[in-house]
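Q: what's the 3D shape of this:
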Amino acid sequence: MCGRIRQAREPVDYIESMNWNPHDLGKLAGGLKYNVPPGTRPLVMHRLGDGSDQIYRLFWGYKPEWYKRSPVINARLDTILKKSPMWRSLLRKRVLVPADGWFEWTGETGDKQPWYIHSKDDSPLYLAAITAWQPDKENDVEHGFAIVTDASAGGMVDIHDRRPVVLTLDDAREWASPETDIEAALELLSTARPETAFKWHPVTRRMSNVKYQAPNTNQPNSILV
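A: Got it, this is the predicted structure:
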């Protein structure tokens, strides 16, 4: 699962790593940085619409009009590969969610310990996501996005059995390209960065509250705090 991310860098830091050249960066509205949950509008990078480089804030969560359950925040890779009609139709609407890292929890209900997971070199991460975004439509849950997740492996299983699909820079560019066909896009999801590319540590339990927006949400903390 991926239910919380950190986007504390400035937007320019994410686009520079990707050699991205959006034309409307100055119009980008502010948003949450240190503790970003679903139901908000994180930074998202895409080349939808006219095919130009874009960075924008899209709604995290997807609930088509016919769907009777709560908004979906993650799209499981195994479900996508089974040609789920909910996701198959969105595979041409691919976006990237830039992040410094993401959070997972261990422990029993009522006594959960949050962990921060990030790249070993602390470079920005680019999470694969799909969206129902359309130009000139409302920026709402019917046109929101879901982050693609896959099964975890190695020591990361001890933190959570699922993780977001994190792409290398080259694969992230290909994922966002309108020229990449669906089969090639699916192949990219199957060759994401391995667990050995990441490290993780416990952080303050206060960040379990979505209202906690202090800069220290990524700082190592005692597992007993």
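Q: what number of residues lie near residue 105?
A: By the criterion of other Cβ atoms under 10 Å, residue 105 has 16 neighbours. In this view, the C-beta of every residue, glycine as well, is placed from N, C-alpha and C.
Q: That one falls within a strand, correct?
A: Yes. Counting by DSSP: H, G, I helix; E, B strand; the rest coil, residue 105 is located in a strand.
Q: Identify the residues contacting the nearest residue to it once chain neighbours are set aside.
A: Sequence neighbours aside, residue 112 is the residue nearest to residue 105 in space, at 4.3 Å (criterion: Cβ to Cβ, 6 or more residues apart in numbering). Residue 112 is in contact with 105, 106, 205, 208, counting by Cβ atoms under 8 Å, 6 or more residues apart in numbering.
Q: Just the buried residues out of those residues, in ChimeraX syntax.
A: Selecting only the buried entries of the contacts of residue 112 in ChimeraX, with 16 or more other Cβ atoms under 10 Å as the criterion:
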select :105,205
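Q: who's in contact with the lowest-mean-pLDDT helix or strand in the chain?
A: Of all helical and strand segments in the chain, the minimum by mean pLDDT, DSSP states H and E falls on helix 85-88, at a mean of 84. For helix 85-88, contacts defined as Cβ under 8 Å, 6+ apart pick out 64, 67, 72, 75, 79, 80, 130, 146.
Q: pLDDT value on the second one, please?
A: Residue 67 is assigned a predicted lDDT (pLDDT) of 86.
Q: which residues in the protein form helices?
A: Along the chain, counting by DSSP state H, helices occupy 11-17, 77-81, 85-88, 169-176, 182-189.
Q: So which of those is the most surrounded?
A: A comparison of the helices of the chain by mean neighbour count, using mean count of other Cβ atoms under 10 Å, puts helix 169-176 on top with a mean of 18.
Q: I'd assumed residue 70 was in contact with residue 141.
A: No. Using Cβ atoms under 8 Å, residue 141 is not in contact with residue 70; the gap is 9.8 Å.
Q: Which stretches in the protein count as strands?
A: Listed in chain order, the strands of the chain (DSSP state E) span 5-6, 43-46, 54-57, 74-76, 94-99, 101-106, 113-119, 125-131, 145-151, 162-164, 198-202.
Q: From the chain's centroid, how far away is the second one?
A: Okay, so that is strand 43-46. How far strand 43-46 lies from its chain's middle: 10 Å, per Cα atoms, centre = their mean, to the nearest Å.
Q: Other residues contacting it?
A: Here strand 43-46 makes contact (Cβ under 8 Å, 6+ apart) with 7, 11, 14-15, 18, 20, 28, 31, 53-58, 94-98, 126, 129, 131, 133, 145, 176.
Q: from those residues, which would you call buried?
A: Using 16+ other Cβ under 10 Å, the buried ones in these are 7, 11, 14-15, 18, 20, 53-58, 94-98, 126, 129, 131, 133, 145, 176.
Q: and stretch 189-197, which residues are buried?
A: For stretch 189-197, the buried set under the neighbour-count rule, 16+ other Cβ under 10 Å, comprises 189, 192, 193, 195.
Q: Read off the pLDDT value for the last one.
A: Meaning residue 195. Confidence at residue 195, expressed as pLDDT, is 83.
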